[in-house]
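S.K.: sequence isn't available, so here's the structure alone:
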């Protein structure tokens, strides 16, 4: 996938976060797209605690943790 597609993914994930600021799925996709585009994710992405209210929330939180450790 070209970098321009990841730039679009960053934009879309940001829009998803506007709809649901606490959504771990959108936060993960934003971090992943930045990783693939080789750009720095916004610092605020990691400031607020991630939700752990469901199995899906915990899953996306773990994915981002793994993604951060691979960087």
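M.R.: Cool, the structure landed. All figures in this text were calculated on a predicted structure; none of them were measured in a lab.
S.K.: so the residue positioned nearest the centre of the chain, which state does it fall into?
M.R.: The residue lying closest to the centre of the chain (CA atoms, centre = their mean) is residue 28, at 2.6 Å. Look at residue 28: counting by DSSP: H, G, I helix; E, B strand; the rest coil, its state is helix.
S.K.: my guess is it meets residue 58, correct?
M.R.: No: contact criterion CB atoms under 8 Å: residue 28 and residue 58 do not qualify, at 11.5 Å. (C-beta placed from N, C-alpha, C; glycine too.)
S.K.: quick revisit: quick one: residues contacting the residue nearest to the residue nearest to the centre of the chain when sequence neighbours are not counted.
M.R.: Leaving out its chain neighbours, the residue that sits closest to residue 28 by CB to CB, 6 or more residues apart in numbering is residue 60, at 4.2 Å. Applying CB atoms under 8 Å, 6 or more residues apart in numbering to residue 60 gives the contacts 24-25, 27-28, 50.
S.K.: which members of these are classed as buried?
M.R.: 24-25, 27-28, 50 (16 or more other CB atoms under 10 Å).
S.K.: in terms of helices and strands, where is the closest residue to residue 29 other than its chain neighbours?
M.R.: The spatial neighbour of residue 29 that comes closest, neighbours along the chain excluded (CB to CB, 6+ apart), is residue 13 at 4.3 Å. Using DSSP states H and E, residue 13 falls within helix 3-19.
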